[in-house]
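*Asks:* take this sequence and fold it.
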Amino acid sequence: MSKRVRKAVLPVAGMGTRVLPGAKTTPKNLLNVVDRPILSYVVEEARAAGIEHFVFIVGRGQGAIEDYFDTNPEVENALEAKGKADILADVRRDLGKPGEMSFIRQMAPLGLGHAVWCAREVIGDEPFAVMLPDMLMAAERPALAQAVDAYNKVGGNIIAVEPAPEGETYKYGIVALEAQNGRLNRMTGMVEKPPLGTEPSNLFISGRYILQPEIFQILGTQPRGAGGEIQLTDAMATLMTRQDFHALEYEGTTYDCGDKIGLLRANVAFALARPDLADEARAAIKALL
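*Replies:* Okay, here's the model as predicted:
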């Protein structure tokens with residue numbers, strides 16, 4: 001029987017170049033979608049999938065991420081004194097439980113593969129999730145929970161995918177499938193940003209993975225790839241020659257919050273999905289249009 005997925009790696013060390021100057025002093029993953037940081041939604045998604053330990057891979061100047069998941073007695077005491085119980089509950093709901101979160105410095109921006117490799121000692125010999133925190137996923141059943149369901153069914157390694165917008169496969173990492181039958185299919189390869197007309201499918205890698213721990217050994221000895229960085233896709237391609245990979249076309253929508261327009265889209269979509277804000281949000285959008 002496959003080991004249960006209990007841990008998740010969240011690489012949050014990126015500079016947020018595409019959302020500067022907003023990310024100059026605020027880590028990009030703490031930028032708000034409506035009234036909560038992007039990371040708040042991602043952690044909530046992970047908890048709904050049964051994740052028990054979060055491994056944040058951070059960079060210099062990102063202490064605010066650790067602080068966000070810690071208590072703030074001044075704020076909490078002030079809210080309590082003013083009787084603002086609803087706001088206090090919102091503030092407290094993201095707090096990390098004792099021992100639930102680890103924060104590891106990446107030290108140098110050497111790519112996603114290197115960031116994942118930095119988590120090796122905390123993850124140990126277990127399957128684990130990787131969640132790209134700037135990819136915010138709106139789904140009735142949380143995206144990572146769908147991936148865990150798929151893992152429990154077929155084991156191995158799981159990559160969440162979704163259809164790329166028509167004519168835009170060249171912007172993404174695209175998966176190649178043994179056959180396309182339903183939403184869960186065995187993979188035969190991955191192609192990074194294929195030229196139009198050469199893509200093996202229209203399904204792009206959308207930011208949620210379940211990987212086996214053997215990936216760490218590959219990452220530890222792998223030469224640098226595109227951009228002089230240690231690429232996770234290169235390591236997955238190597239691991240695919242030894243283990244099964246399945247692509248899960250998850251049910252939901254991905255918003256790239258590392259992009260200004262993607263962040264705007266996420267704010268609009270999540271506001272419209274909130275029962276307490278939907279009517280006012282819709283009216284405000286109509287007024288602007």
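*Asks:* only C-alpha atoms for contact and neighbour calcs from this point on.
*Replies:* OK.
*Asks:* so, low pLDDT: which residues of the stretch 151-289 of the chain?
*Replies:* 225-228 (pLDDT under 70).
*Asks:* show me where it has its strands.
*Replies:* 157-163, 173-177, 184-192, 203-211, 245-249, 253-256 (DSSP state E, counting those that start in this stretch).
*Asks:* now the strands for the stretch 1-150 of the chain?
*Replies:* 7-11, 32-33, 36-37, 53-58, 101-105, 128-131, 135-138.
*Asks:* now the ones you listed as JSON lines including distance to D94?
*Replies:* Below are the strands of the stretch 1-150 of the chain laid out as JSON lines (distance: least, CA to CA, whole Å):
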{"stretch": "strand 7-11", "distance to D94": "15"}
{"stretch": "strand 32-33", "distance to D94": "14"}
{"stretch": "strand 36-37", "distance to D94": "10"}
{"stretch": "strand 53-58", "distance to D94": "12"}
{"stretch": "strand 101-105", "distance to D94": "12"}
{"stretch": "strand 128-131", "distance to D94": "17"}
{"stretch": "strand 135-138", "distance to D94": "16"}
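*Asks:* most neighbours per residue, which of the ones you listed?
*Replies:* strand 7-11 (a mean of 25; mean count of other CA atoms under 10 Å).
*Asks:* which helices and strands does that one pack with?
*Replies:* In terms of contacts (3 or more CA pairs under 8 Å, 6 or more residues apart in numbering; DSSP states H and E), strand 7-11 is packed against strand 53-58, helix 112-117, strand 128-131.
*Asks:* now that strand against strand 101-105, angle please.
*Replies:* Between the axis of strand 7-11 and that of strand 101-105 there is an angle of 40 degrees, by axes from the mean of the first three to the mean of the last three CA atoms, to 10 degrees.
*Asks:* chain center to strand 7-11: distance?
*Replies:* How far strand 7-11 lies from its chain's middle: 8 Å, per CA atoms, centre = their mean, to the nearest Å.
*Asks:* what would stretch 269-282 look like as PDB? C-alpha coordinates only.
*Replies:* Only the C-alpha atoms of stretch 269-282 are listed here, as PDB (Å, rounded to 0.1, in the frame of the first residue of the first chain):
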ATOM      1  CA  ALA A 269     -13.300  35.700  -9.500                       C
ATOM      2  CA  PHE A 270     -12.900  35.100  -5.800                       C
ATOM      3  CA  ALA A 271     -14.900  38.200  -4.900                       C
ATOM      4  CA  LEU A 272     -17.800  37.100  -7.100                       C
ATOM      5  CA  ALA A 273     -17.700  33.600  -5.400                       C
ATOM      6  CA  ARG A 274     -18.100  35.100  -1.900                       C
ATOM      7  CA  PRO A 275     -21.700  35.100  -0.800                       C
ATOM      8  CA  ASP A 276     -21.000  38.100   1.500                       C
ATOM      9  CA  LEU A 277     -19.400  40.200  -1.300                       C
ATOM     10  CA  ALA A 278     -20.800  38.900  -4.600                       C
ATOM     11  CA  ASP A 279     -23.600  41.400  -5.100                       C
ATOM     12  CA  GLU A 280     -21.500  44.500  -4.200                       C
ATOM     13  CA  ALA A 281     -18.600  43.200  -6.300                       C
ATOM     14  CA  ARG A 282     -20.800  42.600  -9.300                       C
END
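*Asks:* picking up where we left off before, who wins for proximity to K82 among the strands of the stretch 1-150 of the chain?
*Replies:* K82 sits nearest to strand 36-37 of all the strands of the stretch 1-150 of the chain, at 21.4 Å, using CA to CA.
*Asks:* quick check: closest non-adjacent residue to Q231.
*Replies:* G113 (4.7 Å; CA to CA, 6 or more residues apart in numbering).
*Asks:* quick check: the gap between the one you found and G207.
*Replies:* 13 Å (CA to CA, to the nearest Å).
*Asks:* of those two, who's got more company?
*Replies:* More neighbours surround G113 than the other of G113 and G207, with 24 against 20 (other CA atoms under 10 Å).
*Asks:* who's the closest spatial neighbour of F245, skipping the chain neighbours?
*Replies:* Of all residues not flanking F245 in the chain, N157 sits nearest, at 4.7 Å (CA to CA, 6+ apart).
*Asks:* what is the burial count for the one you found?
*Replies:* 25.
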